[in-house]
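Engineer: Just the structure for this:
(one chain, ligands or ions: 2)
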Amino acid sequence: MKIQILKKNKEKINFKIFDISSAFAGEMRNIMISEIPTLAIEWVDFHKNDSVICDEIIANRLGLIPLTFDPKRFNFKEECKCKGKGCSHCQAKFSLKKKGPCVVYSGDIKCTDKTIKPLYNKIPITELSEGQELEFEAYAELGIGKTHAKWQGAIVGYRNLAKITITKKGEACKEAEKVCPKDVFVVKNNKLKIKDADKCNLCMQCVEKCGKDVIKIVPDENKFLFQVERASGLSNKDILTKSMDILSNKLKEFSKQIEKLK
Ligand code: SF4
Ligand SMILES: [Zn+2]
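Structural biologist: Residues are numbered from 1 along each chain as shown. Ligands and ions are numbered 1, 2, ... in the order given. Below you'll find the model as predicted:
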């Protein structure tokens, strides 16, 4: 297996991955989306809410705020020593007390543990008019995207890279450069050439224009382009490494079960 990073910043990572099957690529995506433990607000205890938005909607908005946290620090509540009662190893406590006129933002909620905070401070929660008050305590817990979208680790897309061949006859079909929406071709010395095959999204417009026998495009079955964007407080590095740990644990478990067979 070979990986080539194409683009990387705090929010996104794009990479090419070679010599894997489509089943492996699909499982990588599923794990990153739905099986990585992340932290999200699960319980809210409202003391005052004079805003026009009801408690349930505010609680829903709070749950969707991505929270930064140390992935090694928390247990799932049901696996914790407290036996699901809730303690500092499986819950993080937040509080908020605001009086209008003001807009209440994600950055206004404060955690008792200073290492845990909203990833973005300017997510609006509600607006308070003159004299209106909002006061609550909230508790965040670990969960996975399979249970609820608020625990989704990342937004992940992938596709096969394309194998493109231009035949001798195809070099004359310069229209392909114009119809291609992804800028894959270039015309050089009056001949059609490939500029960047990785951009091809297999739409087949060039093949329709020039004919199957002059431009041949097939998906390369073992080469993929991945685009990963974090949807939680975890870094892209944490998302990728954790997804590989989860996959490797699944395989270990599978092999244990096989060993039990006689
Ligand atoms: S299949 Fe579509 S994206 Fe790919 S080279 Fe042809 S026109 Fe461009
Ligand atoms: Zn606990």
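
Engineer: so what strands line up beside the biggest strand by length in the chain?
Structural biologist: Criterion DSSP state E: the longest strand present in the chain is strand 215-230. In the sheet, strand 215-230 lines up against strand 12-18 (antiparallel), strand 154-166 (antiparallel) (DSSP bridges).

Engineer: Identify each buried residue in it, please.
Structural biologist: Neighbour counts using 16 or more other Cβ atoms under 10 Å place 215, 217, 222-228, 230 of strand 215-230 among the buried residues. C-betas here are computed from N, CA, C, even on glycine.

Engineer: just to revisit the earlier point, now mean neighbour count, distance to Val104 and mean pLDDT too, for the strands paired with strand 215-230, in CSV please.
Structural biologist: Output for the strands paired with strand 215-230, formatted as CSV (neighbours: other Cβ atoms under 10 Å; distance: least, Cβ to Cβ, whole Å; pLDDT from 0 to 100):
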stretch, mean neighbour count, distance to Val104, mean pLDDT
strand 12-18, 17, 29, 96
strand 154-166, 17, 26, 95
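
Engineer: got the phi/psi numbers for Phe127?
Structural biologist: You called it Phe, but residue 127 is Glu. Per-residue torsions, Glu127: phi -120, psi 140 (degrees, to the nearest 10).

Engineer: Quick check: chain neighbours aside, which residue is closest to it?
Structural biologist: Val103 (5.0 Å; Cβ to Cβ, 6 or more residues apart in numbering).

Engineer: Helix, strand, or coil at that neighbour?
Structural biologist: strand (DSSP: H, G, I helix; E, B strand; the rest coil).

Engineer: ok, now how distant is it from Gln132?
Structural biologist: 12 Å (Cβ to Cβ, to the nearest Å).

Engineer: Residues of the protein that sit close to ligand 2?
Structural biologist: 80, 82, 87, 89-90 (Cβ under 5 Å from the ion).

Engineer: Going by neighbour count, which of those residues comes out on top?
Structural biologist: Cys90 (22 neighbours; other Cβ atoms under 10 Å).

Engineer: SS state for it?
Structural biologist: Once three-state DSSP is applied, Cys90 turns out coil.

Engineer: now do Val44
Structural biologist: strand.

Engineer: That one touches Asp55, doesn't it?
Structural biologist: Yes - shown here, Val44 and Asp55 form a contact pair, counting by Cβ atoms under 8 Å, at 7.3 Å.

Engineer: So for these two, which sits in the more crowded spot?
Structural biologist: Neighbours per residue (other Cβ under 10 Å) separate Val44 from Asp55, with Val44 holding more: 20 against 13.

Engineer: Pull the contacting residues for the more buried one.
Structural biologist: The neighbours of Val44, taking Cβ atoms under 8 Å, 6 or more residues apart in numbering as the test, are 55, 58-59, 62, 136-139.

Engineer: Pull out the buried residues from these.
Structural biologist: Looks like the contacts of Val44 have 58-59, 62, 136, 138-139 buried, using 16+ other Cβ under 10 Å.

Engineer: Between those, which sits nearest ligand 1?
Structural biologist: Using Cβ to the nearest ligand atom, Leu62 comes nearest to ligand 1 of those, at 42.1 Å.

Engineer: thought the closest one was touching Ala138?
Structural biologist: Yes - using Cβ under 8 Å, Leu62 makes contact with Ala138 at a distance of 5.7 Å.
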